[in-house]
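> Need coordinates for the following:
(3 chains)
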Amino acid sequence: MEIIIKRLNYSTKGTNDLIDISSDVQSELNKLKITEGLVNIFVVGSTAAITMFEYESGLISDIRQVYENIAPEKKHYLHNETWNDANGFSHIRSALQGQGLSVPFQNSKLLSGTWQQIVLAEFDTRPRQRDLVLTFIGQ
Amino acid sequence: MEIIIKRLNYSTKGTNDLIDISSDVQSELNKLKITEGLVNIFVVGSTAAITMFEYESGLISDIRQVYENIAPEKKHYLHNETWNDANGFSHIRSALQGQGLSVPFQNSKLLSGTWQQIVLAEFDTRPRQRDLVLTFIGQ
Amino acid sequence: MEIIIKRLNYSTKGTNDLIDISSDVQSELNKLKITEGLVNIFVVGSTAAITMFEYESGLISDIRQVYENIAPEKKHYLHNETWNDANGFSHIRSALQGQGLSVPFQNSKLLSGTWQQIVLAEFDTRPRQRDLVLTFIGQ
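Below is the predicted model:
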């Protein structure tokens, strides 16, 4: 049994950038000797999130709208006064959606479904460099 | 230390079917030699979720209402046009609630509380066969 | 490779008490021989949650308001009739936010960002003793 930590890095475009990272996670798994276990995907930072959904353009728009309903971009947030910035909504969406999740794998394949992509959600108001930590535990 | 992957399968009744799977997860744990560790429960598919709450009829109804508030069933979703179906709300609820979670165990017992059941949430519009992957890591 | 379970206990003040537990988790990690892996933080109970956000007073207030929007404290919940209590909203917030999450570590340091604190969220209507289970997996 082994635990292996890998890194991925993404350049995002700011708020509403939703990036399908499934194939990158699968590629990292392909390089490893372990074939069965669990991978945790974690994004460093408090204005992004990791989620899973069917990555198609209609649903991508729908989900953006739901994030907007939960924490509207133009609403007033006390956080914006603290740093004199405008990303209070980004922090809230990130906290609610969550900054990590785990996916099992067997025979060197992620066991997520055909329409269940792993997605990096950028909520911040400007383009960011995002560091992801992949922790593979398995044999 | 070992990592062991097990499967569970459920026949669900479609939207709003919330199934208490705690005793099934505990039963799988009982069959293993490892007694201390962490189990990840993951549902394959993007229109269901795994969550934890006190499984009693009043709260079950309350939670259904909150899911309805977050992503109303009868609202228009662009996803519904993509496939000419009606489960846009199911995907959104699934993405927000999350498709997996982890629970620690010791002395072969899940450490979740008395009123903290593990629940499979079906959001899709029709009965489904749901595959769950249980990943036990422990000694 | 090892798996090590540790406990933390907190006295909370009831609804809206959000406690930064990052340094306590880091302290437990400091005591261990393993330096690289994943820690799962899990709260026992169905009226609290574990989340991550930038722990500063403005955002703390903003997040409380969003929890209130999602499941208002004074609204009527069927759960309140079951036990003749008033914490239906607490259960709903807990189920949606989630009762556990995982954070990777390397060189004995949590890999969460500078503004990404681990937070215990108390949603119940009265002060509670909260048991947290930390499951460290690593080498």
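
> Just want the phi and psi numbers for residue A:41.
phi -110, psi 120 (degrees, to the nearest 10).

> What distance separates the opening and closing residues of stretch A:92-111?
30 Å (C-alpha to C-alpha, to the nearest Å).

> Report the buried residues of that stretch.
A:92-105, A:110-111 (16 or more other C-beta atoms under 10 Å in any protein chain shown). C-betas here are computed from N, CA, C, even on glycine.

> right, is that stretch up against chain C?
Yes - residues of stretch A:92-111 contacting chain C under C-beta under 8 Å from any C-beta of the partner chain: A:92, A:94-96, A:98-100, A:102.

> how about TSV for these, with pLDDT added?
Supplementary listing: the residues of stretch A:92-111 next to chain C in TSV, determined by pLDDT from 0 to 100:
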residue	pLDDT
A:92	98
A:94	98
A:95	98
A:96	98
A:98	98
A:99	98
A:100	98
A:102	98
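
> from those residues, which single one is nearest chain C?
Set against chain C, the nearest of the residues of stretch A:92-111 next to chain C by C-beta to the nearest C-beta is residue A:95 (4.1 Å).

> helix, strand or coil for that closest one?
Here residue A:95 is helix, with the state taken from DSSP: H, G, I helix; E, B strand; the rest coil.

> you'd agree it is up against residue C:64?
No - the criterion here is C-beta atoms under 8 Å, and residue A:95 misses it with residue C:64 at 11.4 Å.

> any residues touching stretch A:64-74, and which ones?
Applying C-beta atoms under 8 Å, 6 or more residues apart in numbering or on different chains, the contact partners of stretch A:64-74 are A:15-16, A:18, A:88-89, A:92-93, A:96-97, A:121, A:123, B:70-71, B:92, B:96, C:66, C:70.

> let's see 6 Å
Stretch A:64-74 is touched from outside by A:16, A:89, A:92-93, B:92, with contacts defined as C-beta atoms under 6 Å, 6 or more residues apart in numbering or on different chains.

> For the helix or strand bottoming out on mean pLDDT in chain A, buried residues please.
Across the helices and strands of chain A, mean confidence by mean pLDDT, DSSP states H and E is lowest for helix A:78-83: a mean of 92. Within helix A:78-83, the residues that count as buried by 16+ other C-beta under 10 Å are A:78-80.

> now do stretch A:121-133
Neighbour counts over stretch A:121-133 (16+ other C-beta under 10 Å) mark A:121-124, A:128, A:130-133 as buried.

> hmm, it in reach of chain C?
Yes - Stretch A:121-133 comes into contact with chain C (C-beta under 6 Å from any C-beta of the partner chain), by way of residue A:133.

> so how far is that stretch off the chain centroid?
Centroid displacement of stretch A:121-133 relative to its chain, using C-alpha atoms, centre = their mean, to the nearest Å, is 9 Å.

> swap in stretch A:130-139?
13 Å.

> tell me the mean pLDDT for it?
In this model, stretch A:130-139 has an average pLDDT of 98.

> Run through who's touching that stretch.
With C-beta under 6 Å, 6+ apart, stretch A:130-139 has contacts from A:1, A:3-6, A:8-10, A:12, A:28, A:34, A:36-44, A:48, B:3, C:38, C:104, C:111.

> Weed out the non-buried ones from those.
The buried subset of the contacts of stretch A:130-139 (16+ other C-beta under 10 Å) comprises A:3-6, A:8, A:10, A:12, A:28, A:34, A:36-44, A:48, B:3, C:38, C:104, C:111.

> Which of those fall in helices?
residue A:28 (DSSP state H).

> mind listing which of the buried ones among the contacts of stretch A:130-139 are in strands?
A:3-6, A:8, A:10, A:37-43, A:48, B:3, C:38, C:104 (DSSP state E).

> ok, stretch A:111-128 near chain B or not?
Yes - for stretch A:111-128, a contact with chain B is found by C-beta under 6 Å from any C-beta, at A:111, A:113, A:115-116.

> any idea whether residue A:63 is helix, strand or coil?
Here residue A:63 takes the helix state, with states given by three-state DSSP.

> From residue B:49, how far out is it?
In this view, residue A:63 and residue B:49 are 14 Å apart by C-beta to C-beta, to the nearest Å.
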